[in-house]
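Visitor: got a predicted model here, sequence first, then my questions.
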Amino acid sequence: MGLLTVVFVGPLLWMLLTAFKTNVESRTVPPTFLPSEPTFQAFRTLFFGDDASPVLLWAANSFLAASAHAVLVIVVSSMAGYALARMEFPFKRLLFGLIISTLFVPGFIFLMPNFLLLNSLGWLDTLWALIVPGAAGAFGVFFMRQFFSALPVELEESARIDGAGPFRIFRSVVLPNARPALVTLAVLSFLSNWNDFVWPIYVLFSPERLTLPVGLSKLQGAYTTDYPVIMAGAAIASVPVLVLYVFVQRYVIEGAASSGIKG
């Protein structure tokens, strides 16, 4: 466990310490672990150095897009997963098989069709291009379907005897019991959208609409690289992810342990 901790925490610690080094010290060979003269110059450059690099705006764009995407994913996936797990309708198994089959298709194949679709909707260079695509992803539907299949059907039958309709059962009985799975799916969707790099490059063009991963990549010059500034940006990008996991790790572990039990 100690060795695994070093493997996973070591790069984060190195990133954070490099952010407090000078540009000259970050290039020294052999490299230094602790900064000899700690400085906040990288963070000052990041936040106040150039109006063409609005890091706070990029972070706000990323947070807004990732949060809205996560909410949309859990709404769509929970309804679709419940329908596939509990309701009976023609070609249900065939439809579920088609949804699962899309997991085996490389994501790059969908780049051009999605780009053309967003262009026809007029959503290019807007945050809608990051929020809506992928909201009905196969993984979310499969994940929620497996969780709902493992829930005791007696809970729904009791509510149905009391006169509750399908939507009331779904809202008042099923969703409260599915909180671990919903939180897990929301975290995974948030992280996927937050860390996405390729898709935003295709659909975002204006500097003020960029997300944090794309914006930070533009901090690297053509001939020189300011490593402390890049590491400072990476540290800022990792803060929401670490904070999110600290607060929801209990639900993530419970949701991952409870899903996929029953096919």
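Guide: Received, thanks.
Visitor: C-alpha from now on. contacts and neighbour counts both.
Guide: Noted.
Visitor: which residues in the chain form helices?
Guide: Remark: helices assigned in the chain by DSSP state H are 2-19, 41-48, 55-86, 92-101, 111-121, 128-131, 138-150, 153-161, 166-169, 175-177, 179-195, 198-203, 212-217, 227-258.
Visitor: list the buried residues in the second one.
Guide: Put plainly, it is helix 41-48. Burial within helix 41-48, assessed by neighbour count using 16 or more other CA atoms under 10 Å, is assigned to Q41, A42, F43, L46, F47.
Visitor: what's the most distant pair in the residues you listed?
Guide: Spatial extent of these (CA to CA) is set by the pair Q41 and F47 at 10.0 Å.
Visitor: and for the nearest residue to L12 once chain neighbours are set aside, the neighbour number?
Guide: Leaving aside its chain neighbours, L12 sits nearest to A235 (8.0 Å; criterion: CA to CA, 6 or more residues apart in numbering). Counted with other CA atoms under 10 Å, the neighbours of A235 add up to 18.
Visitor: confidence score at G122?
Guide: With respect to pLDDT, G122 scores 92.
Visitor: the residue nearest to L12 reaches L13, doesn't it?
Guide: No: using CA atoms under 8 Å as the test, A235 is too far from L13 to be in contact (9.6 Å).
Visitor: sorry, back to before: ok, of the buried residues of helix 41-48, which one's closest to S217?
Guide: Using CA to CA, the buried residues of helix 41-48 come closest to S217 at L46, 12.6 Å.
Visitor: by contact count, what packs against the lowest-mean-pLDDT helix or strand in the chain?
Guide: Of all the helices and strands that make up the chain, helix 227-258 has the lowest average by mean pLDDT, DSSP states H and E, namely a mean of 77. Helix 227-258 makes packing contacts with helix 2-19, helix 41-48, helix 179-195, helix 212-217 when contacts are defined by 3 or more CA pairs under 8 Å, 6 or more residues apart in numbering; DSSP states H and E.
Visitor: can you say which of those helices is nearest to A60?
Guide: When these are compared by CA to CA, helix 212-217 sits nearest A60, at 8.4 Å.
Visitor: tell me the buried residues in that closest one?
Guide: For helix 212-217, by 16+ other CA under 10 Å, it's L212, P213, V214, G215, L216.
Visitor: contacts made by it with the rest, please.
Guide: With CA atoms under 8 Å, 6 or more residues apart in numbering as the test, helix 212-217 has contacts from 53, 55, 58-59, 61-62, 194-197, 200-201, 207, 230, 233-234, 237.
Visitor: if you set the cut-off to 7 Å instead, what comes out?
Guide: W58, A59, S62, N195, F197, I201, I230, G233, A237 (CA atoms under 7 Å, 6 or more residues apart in numbering).
Visitor: and which of those is nearest to L130?
Guide: Nearest member of the contacts of helix 212-217 to L130, counting by CA to CA, is S62, at 9.2 Å.
Visitor: so who does the residue nearest to that closest one when sequence neighbours are not counted touch?
Guide: Counting by CA to CA, 6+ apart, S62 lies nearest to T211, which is 4.9 Å off, once chain neighbours are set aside. With contact taken as CA under 7 Å, 6+ apart, T211 is in contact with W58, A59, N61, S62.
Visitor: from N195, how far off is T211?
Guide: 9 Å (CA to CA, to the nearest Å).
Visitor: likewise for M1?
Guide: Applying CA to CA to M1 and N195 gives a distance of 27 Å.
Visitor: give me the more crowded residue out of these two.
Guide: N195 (17 against 6).
Visitor: what score does the more buried one have for pLDDT?
Guide: For N195, the model assigns a pLDDT of 89.
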